[in-house]
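Student: Fold the following.
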Amino acid sequence: MLFFILVDTRPMTKAEYLQQQGKLALFSYAGMGTLSEAEQKMIYMKACTKKCHSNDVVERSAHTAREWENTINRMRTANNARVTDNEAVAITAYLSRRYGSNIPTVLSAEGGKYLKTYLWRSDFGESDLYVDIIYTPEEYFDIVGGSMEVEGYDAANYLLFKVYLNTHQNKLDTFPLDELTVINGGDGKEFKPLLWKVIYESSDFHHREGLLVFDKLKKETAPLEMALRDLPGQKERLFQWALPIPKNY
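Tutor: Numbers count the residues shown, from 1 in each chain. From the prediction side, this is the model:
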């Protein structure tokens, strides 16, 4: 007994459709080839919106690459979504590009407003390197909850900064931010970081999260200025925070 499945392949011919499906299968199961954004979208729709969710459920809010990756991994482990490792990479890349956020999106509306007003600073530079920095003093942890410790360093005893590096075209270079970063506490004296640590790197190397750690300033009543030097696009990128940070929002 023979069964025939009729598939409308328009606007492609049947030969083009079969060729494309073969390419997607080789990528999904063997990691072979490079996908266009349209092909990444096909994998996303096949795995997510044609089986489990409507488009608006997935696309109604923006998330960081790390949040998208965690969501996809949760679907695979908790909900038994049939997604290969290679497909997960493609889906994360597509959602991060189309529905991405440069900063965490788990805060309330009030917390998000406080974060953007007092703690989050951005610089889009003159290249495809996008830099977002969140200063995380004790007040930051008051709004996000949880411990004040990040990677073994606590906000009560150190200056902590979460750094988000993003690019849309090329892979991120390895930037030694421990060598390229200084802060000025307001008295003209510059301080180098104690540590630069990469916490997260996306599989396509377009997104990176890390932590910069500095010694605590003796005075916290002056503008706090950070300079990132010799990054692509411009010689110096400046970020400034007014101190002290308000405790209420």
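Student: Output the below-cut-off pLDDT ranges for this protein.
Tutor: Regions of the chain meeting the criterion pLDDT under 70 cover residues 1-11, 50-57, 60-61, 102-107, 125-126, 185-187, 220-221, 248-249.
Student: So it: which segments form each domain?
Tutor: The chain breaks down by automatic domain parsing into domains covering 14-98, 109-241.
Student: With distance to K247 added, can I get those in a markdown table?
Tutor: Where C-beta positions appear, they are placed from N, C-alpha and C, glycine not excepted. A markdown table is the format used below for the domains of the chain (distance: least, CB to CB, whole Å):
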| stretch | distance to K247 |
| --- | --- |
| domain 14-98 | 26 |
| domain 109-241 | 6 |
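Student: can you list the ones you listed in JSON lines and add mean neighbour count?
Tutor: As requested, the domains of the chain are arranged in JSON lines below (neighbours: other CB atoms under 10 Å):
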{"stretch": "domain 14-98", "mean neighbour count": "16"}
{"stretch": "domain 109-241", "mean neighbour count": "16"}
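Student: Not counting its neighbours along the chain, what's nearest C48?
Tutor: In space, and not counting its chain neighbours, C48 is closest to V58: 5.9 Å by CB to CB, 6 or more residues apart in numbering.
Student: give me the element the one you found is part of.
Tutor: V58 is located in helix 55-59, with elements delineated by DSSP states H and E.
Student: Quick check: next helix or strand after the longest helix anywhere in the chain?
Tutor: When the chain is parsed with DSSP state H, its longest helix is helix 14-30. If you walk from helix 14-30 toward the C-terminus, the next helix or strand you reach (DSSP H and E) is helix 37-44.
Student: Who are the packing partners of that next one?
Tutor: Packed against helix 37-44 by the contact rule (3 or more CB pairs under 8 Å, 6 or more residues apart in numbering; DSSP states H and E) you find helix 14-30, helix 85-98.
Student: what does it rub up against?
Tutor: When contacts are taken as CB atoms under 8 Å, 6 or more residues apart in numbering, the neighbours of helix 37-44 outside the stretch itself are 20, 23-24, 27-28, 35, 87, 90-91, 93-95, 97.
Student: just those now: which is nearest N166?
Tutor: R97 (9.9 Å; CB to CB).
Student: Could you dump the contacts of helix 37-44 into CSV with distance to F175 added?
Tutor: CSV is the format used below for the contacts of helix 37-44 (distance: CB to CB, whole Å):
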residue, distance to F175
Q20, 37
K23, 34
L24, 34
F27, 30
S28, 32
L35, 27
E87, 30
A90, 26
I91, 27
A93, 21
Y94, 25
L95, 25
R97, 21
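Student: Now do the contacts for K235.
Tutor: Counting by CB under 8 Å, 6+ apart, K235 has contacts R229.
Student: isn't there a strand covering it?
Tutor: Yes: if the criterion is DSSP: H, G, I helix; E, B strand; the rest coil, then K235 is within a strand.
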